[in-house]
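Student: Sharing a model that was predicted from the sequence below.
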Amino acid sequence: MWANRSDEELLGALTREPGAFSAFYRRHVDDVLGFLARRCRDPEQAADLTAEVFATVLLQARRYRPERGTPAAWLFAIAAHKHNDAWRRAAAEDRARRRLGVRDVPLGAEDLAYIAARAADVEALMADLPDEQRSAVRGRVLEDRGYDELARTAGVSPAAIRQRVSRGLALLRTKVEREAP
């Protein structure tokens with residue numbers, strides 16, 4: 001239904017129809033991610049900023065004005081602002097670290113192996129969860145996504161997502177307690 005709508009129509013329906021946001025997101029996410037990845041040169045930061053861009057679109061869609069440019073131009077202006085804000089924050093944090101004499105501590109191969117092993121442990125623990133609970137726990141706890149966003153993605157209420165997270169964490173807690181020495 002939404003795939004044939006123009007970007008302007010999708011933005012106009014965003015606050016009333018979750019499908020409009022989904023269509024707009026799918027239409028533009030790869031381009032925004034590519035745009036930010038070229039500027040950041042850090043895939044993780046590019047993904048984080050892309051999420052921020054689309055969260056802003058969702059919150060600010062009613063502020064879009066067609067007379068000021070196309071929806072794509074508006075979207076990429078948001079992306080550029082998010083990138084610039086992140087760059088300024090990073091520069092300010094770097095200046096503060098230098099003033100305080102705090103140095104980066106590089107991670108060695110042993111550190112990286114330890115982190116990878118812990119990540120594998122978490123994935124193994126979560127593998128036994130029912131799909132809906134695993135997805136909710138991953139989104140909320142590991143990806144730090146909000147309940148409302150997860151609910152929109154899953155097509156359920158925020159209360160249902162909270163329940164899935166709660167039940168998933170309870171199952172994980174029980175499993176960890178059983179395996180503890």
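Tutor: Structure received.
Student: And the lowest-mean-pLDDT helix or strand in the chain, what's buried?
Tutor: Lowest mean confidence among the helices and strands of the chain (mean pLDDT, DSSP states H and E): helix 109-127, at a mean of 80. Using 16 or more other Cβ atoms under 10 Å as the test for burial, helix 109-127 gives 125, 126. Every residue, glycine included, has its C-beta placed from N, CA and C.
Student: Which positions in the helix or strand hosting residue 49 come out as buried?
Tutor: Element membership for residue 49 (DSSP states H and E) is helix 43-60. Within helix 43-60, the residues that count as buried by 16+ other Cβ under 10 Å are 45, 46, 48, 49, 50, 51, 52, 53, 54, 56, 57, 58.
Student: Below-threshold pLDDT in this protein: ranges please.
Tutor: Across the chain, the ranges flagged by pLDDT under 70 are 180-181.
Student: can you do 80?
Tutor: Low-confidence segments of the chain (pLDDT under 80): 1-3, 15, 18, 41-42, 102-107, 112, 115-122, 141-144, 176-181.
Student: list the buried ones in the longest helix belonging to it?
Tutor: In terms of residue count, the longest helix belonging to the chain (DSSP state H) is helix 71-100. By 16+ other Cβ under 10 Å, the buried positions in helix 71-100 come out as 71, 74, 75, 76, 78, 79, 82, 83, 86.
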